[in-house]
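J.: This is a predicted model, with the sequence first.
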Amino acid sequence: MNIENVIFIVGCGHSGTTILNKIISNHKNVYGLDYETGFFNKFDDLVVIKKLVQLDNMKKSLNKKWICEKTPTHVYHLSRIYNLVSNPKIIIMIRDGRDVVASLLKRYGDFDKSINRWIDDNFEWIKYYNLSINLSNNLSNNLSNNLNKSKNFHIIKYENFVSNTQFEIKNICDFIGEEYDENILNYKKEKIILPESIYEKNINNRDHNLLRLYQSNQDIYDGSGRYLKDLSEDQINKLYLNEKFMSLMKFFNYL
């Protein structure tokens, strides 16, 4: 059985994927999942298909057209997604690497691991689309011209999303072929109390899941430039000395 009409939100974690998923899932024609399935990370193709069929049945029972699933690390399984799903809609979130590293550092407590995740996750989808990094090119004249020609692929920058949310969500609605729903930004918000351990480095999985829930229940805010207060001068300099990091930053037009 071939599953169709699934929206996959992927990219490097801590790039705004959680709140984006919350908003898209609020569309009247979308059955959104409030958890990361990790299907393609955990299971072989036969099991993935069974899991997707279960979601598809739920979607149909709710009279929805789309499933929206957010697992950032599914960026490593794009070929499998295209093989197992008809008409998948891939949304990739990108964000200033300095801010992502600052955010990941609080989670991992490991600076090098944080850098490498941002680099590796982004190079993975770029490699999949057979793009070459050219330091003279940027997002506007390279990514949009080469990638968004695909009807199944859409890039969104975190900074654009938080500064002009309605415009970006309208573009996503166009991308999936749905009318913009005026109520889509009126997603349900709950008050979540975070423990002090959330603000410590190398937080555990329970606290990280709670933080994700907290983030998805907040008003949209611009966290750009957080690296200036969260990273030391030495750490920032180390970023700028990393050739791969810098090539991506320039490719995405952040520098």
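T.: Arrived safely, thanks for sending.
J.: what about the helices in the stretch 101-250 of the chain?
T.: Assigned by DSSP state H, counting those that start in this stretch, the stretch 101-250 of the chain shows helices spanning 111-128, 144-146, 158-163, 165-176, 205-216, 227-230, 233-240, 243-251.
J.: Would you mind putting those into TSV with mean pLDDT and distance to Asn57 alongside?
T.: (C-beta placed from N, C-alpha, C; glycine too.) Compiled in TSV, the helices of the stretch 101-250 of the chain are given as follows (pLDDT from 0 to 100; distance: least, C-beta to C-beta, whole Å):
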stretch	mean pLDDT	distance to Asn57
helix 111-128	94	29
helix 144-146	47	37
helix 158-163	94	31
helix 165-176	95	20
helix 205-216	55	25
helix 227-230	96	44
helix 233-240	98	46
helix 243-251	94	40
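J.: Quick one, which of those gets closest to Asn2.
T.: Distance to Asn2, taken as C-beta to C-beta, is lowest for helix 165-176 among the helices of the stretch 101-250 of the chain, at 18.2 Å.
J.: Give me the distance from that closest one to the chain's centre.
T.: Centre-to-centre, helix 165-176 and its host chain are 15 Å apart (C-alpha atoms, centre = their mean, to the nearest Å).
J.: Next, the buried residues of it.
T.: For helix 165-176, the neighbour count (16 or more other C-beta atoms under 10 Å) marks 165, 168-169, 172-173, 175-176 as buried.
J.: Return the per-residue confidence for the nearest residue to Glu178 once chain neighbours are set aside.
T.: Among residues not flanking Glu178 along the chain, Asn29 sits closest, at 5.6 Å (C-beta to C-beta, 6 or more residues apart in numbering). You'll see Asn29 listed with a pLDDT of 96.
J.: I figured Asn29 hits Lys64, correct?
T.: Yes. Counting by C-beta atoms under 8 Å, Asn29 touches Lys64, with 5.8 Å between them.
J.: Name the residues that touch stretch 28-41?
T.: Applying C-beta atoms under 8 Å, 6 or more residues apart in numbering, the contact partners of stretch 28-41 are 7, 21-22, 24-26, 47-48, 51-52, 55, 58-59, 62, 64-74, 76-77, 80-81, 178, 181, 183, 216.
J.: Now it: buried residues?
T.: 29-32, 36-37, 39-40.
J.: Nearest to Met93 among the residues you listed?
T.: Distances from Met93 to those, taken by C-beta to C-beta, are shortest for Glu36, at 13.7 Å.
J.: Ile126 versus that closest one, what's the distance?
T.: To Ile126, Glu36 is 22 Å away according to C-beta to C-beta, to the nearest Å.
J.: what does Leu248 give?
T.: 8 Å.
J.: Lys50 too?
T.: Lys50 is 31 Å from Ile126, by C-beta to C-beta.
J.: do Leu104 as well
T.: Computed as C-beta to C-beta, the Leu104 to Ile126 distance reads 19 Å.
J.: Compare those two (neighbour count), which wins?
T.: A direct count of neighbours by other C-beta atoms under 10 Å for Leu104 and Ile126 places Leu104 higher, at 23 against 19.
J.: Same question for stretch 120-128: list its buried residues.
T.: Applying a neighbour-count criterion of 16+ other C-beta under 10 Å, the buried positions in stretch 120-128 are 121-126, 128.
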